[in-house]
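Trainee: could you work out the structure for the sequence below:
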Amino acid sequence: MAQFAIKDIKANPFRHIERYPIHREKVAQLRESIRQTDFWDNVVARVRDGKAEIAYGHHRLVALKEEYGPNHKVDLIIRKLSDEIMIKMMAQENMQEWESDAGVIHETIRAVVEAYGKGLIKLRPVGAQSEKGQIRYAPSYIAGGTARDGERFAYTGQTVGEFLGWLDGKQGIADRRVHASLKALQFIEEGLLKDSDFDGLTIPQAEAVITEARKARDRREAAARVHKMQAEQAAREAEAAARRREEAERERKRSEAEAAVARAARDAEAKRSAEIEAKRHAEARQRAEEERKQAVKRQEVEKQKAHKIVEEGRRQATVVGRAVSKGIKSGESTSAKSAAMIAAKVDKKVEQPPPQIELFAKRLATDINSILNPDRDPRDAKLRELVRFQEYLDDYTRADLARTLEVVANRALDYAKQFGGTQRALTAKRS
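Mentor: Sure thing, here's the model as predicted:
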């Protein structure tokens, strides 16, 4: 035992008091207990730079400061405690007192990851069988992230659970508290949610917040992936057009060289033929360059669309997560189903293109092209039959049929303009 003034007693260095939840009702209870039975001197601490660092008992430390002031002295149990033991003792106290408090559990996981990232503690090495999407690299909480120091600080929910002893079942799998906390801490690190969004929530409630926020983000990221694929396709088309342009330029130069040789040899026919070829290759080069520019432009548009949708996903994850959190705290949400209902109220509808949109467009174009095709559309034969015997139709019927065909044609032209007009179609047809 050793005596220390309250001002010389420090918190566990792995417990960040500025963000760690201090429950005022607990402090009030401890102050009343101190008044009636005095301070129970069963707090374990270690000495650093002449001051005490307690392993646990942080609510008692707050109660002592408020009850006695900074100069009052109390007895502490002093032990030689490693950083690893300091974290584990703190975690053990947290689970005894606040097992269902998501905020406390988040801070416990934070303490482990931050200490591991600083090289103060060791975790079991990540096994080769671990999925890449489950691996994180301290001090980050982002799953599937990038190693900042080789594989030195790689970890998973399982290795953190093993360190703390937070395991579930005979197989020793890290329990839901670990995985739920890491997911929440990832959202906090990414700036989508804040610690305050989880204040006062239980782990199942925190999971509901994360689940609905993640759904909102994932729906938009799925839509963004389609635009990313379109951008990649446009990039490939731009590269192919650039190759055609270069090939056409080589052929143009070759034809011009042949024309020069023929001109020198006074071979008018060969000269004319070579000049025609040179002109044809020059036109091919121009078309290829135009196609390349269009593909590059399309690539940039698709990239911008993808970026916009991803950012919208981030915003909606925040909106949905906070709405669910607020609903839980107000008593509006009491189950996963009611959390989903709250999310549905605030989550905007996601506009998604059809799956495999390129194939979809090509098939639709083929289908449209069959309209009034003599070989594929029986209506064409009927129209040709009516044209042959139109003199037997009265003027009103004939005019109505003509007007109907004009309306259909105008509808088609309107869609053609929305896809870039007839000029693009003509350019594509020539190429």
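Trainee: so this protein: which segments form each domain?
Mentor: 2-81, 97-190, 220-346, 357-430 (automatic domain parsing).
Trainee: let's have these in JSON lines, adding mean neighbour count.
Mentor: (Glycine included, C-beta is placed from N, CA and C.) Conversion of the domains of the chain to JSON lines gives the following (neighbours: other Cβ atoms under 10 Å):
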{"stretch": "domain 2-81", "mean neighbour count": "16"}
{"stretch": "domain 97-190", "mean neighbour count": "18"}
{"stretch": "domain 220-346", "mean neighbour count": "17"}
{"stretch": "domain 357-430", "mean neighbour count": "11"}
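Trainee: can you redo those domains as a markdown table with distance to Ala213 and mean pLDDT?
Mentor: As requested, the domains of the chain are exported to a markdown table (distance: least, Cβ to Cβ, whole Å; pLDDT from 0 to 100):
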| stretch | distance to Ala213 | mean pLDDT |
| --- | --- | --- |
| domain 2-81 | 20 | 88 |
| domain 97-190 | 6 | 88 |
| domain 220-346 | 3 | 92 |
| domain 357-430 | 28 | 80 |
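Trainee: to Lys88, which of the ones you listed lies closest?
Mentor: Lys88 lies closest to domain 97-190 among these, at 6.9 Å (Cβ to Cβ).
Trainee: so what's the gap between that closest one and the chain middle?
Mentor: Chain-centre distance of domain 97-190: 20 Å, with Cα atoms, centre = their mean, to the nearest Å.
Trainee: repeat that for stretch 62-81.
Mentor: Centre to centre, stretch against its chain (Cα atoms, centre = their mean), the figure for stretch 62-81 is 46 Å.
Trainee: shouldn't Trp142 be in contact with Phe187?
Mentor: Residue 142: Ile, not Trp. No. Between Ile142 and Phe187 there is no contact under Cβ atoms under 8 Å: 9.8 Å.
Trainee: ok, for Arg110, nearest residue in space, not its chain neighbours?
Mentor: Nearest residue to Arg110, sequence neighbours excluded (Cβ to Cβ, 6 or more residues apart in numbering): Leu185, at 6.6 Å.
Trainee: again with Glu291
Mentor: Nearest residue to Glu291, sequence neighbours excluded (Cβ to Cβ, 6+ apart): Ala241, at 4.2 Å.
Trainee: in CSV: the domains of the chain, plus distance to Glu212.
Mentor: Shown next, in CSV, are the domains of the chain (distance: least, Cβ to Cβ, whole Å):
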stretch, distance to Glu212
domain 2-81, 23
domain 97-190, 11
domain 220-346, 4
domain 357-430, 28
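Trainee: which one of those lies nearest to Asp197?
Mentor: Nearest of those (Cβ to Cβ): domain 220-346, 4.5 Å.
Trainee: what is the end-to-end distance of that closest one?
Mentor: End-to-end span of domain 220-346 (Cα to Cα, to the nearest Å): 15 Å.
Trainee: any idea which helix or strand comes after the helix or strand hosting Pro204?
Mentor: In the assignment (DSSP states H and E), Pro204 maps to helix 203-264. Next helix or strand after helix 203-264 toward the C-terminus (DSSP H and E): helix 268-330.
Trainee: and the angle from that following helix to helix 203-264?
Mentor: Inter-element angle recorded for helix 268-330 and helix 203-264: 170 degrees (by axes from the mean of the first three to the mean of the last three Cα atoms, to 10 degrees).
Trainee: helix 268-330 packs against which elements?
Mentor: Contact analysis of helix 268-330 by 3 or more Cβ pairs under 8 Å, 6 or more residues apart in numbering; DSSP states H and E lists helix 203-264, helix 336-346, helix 421-430 as its packing neighbours.
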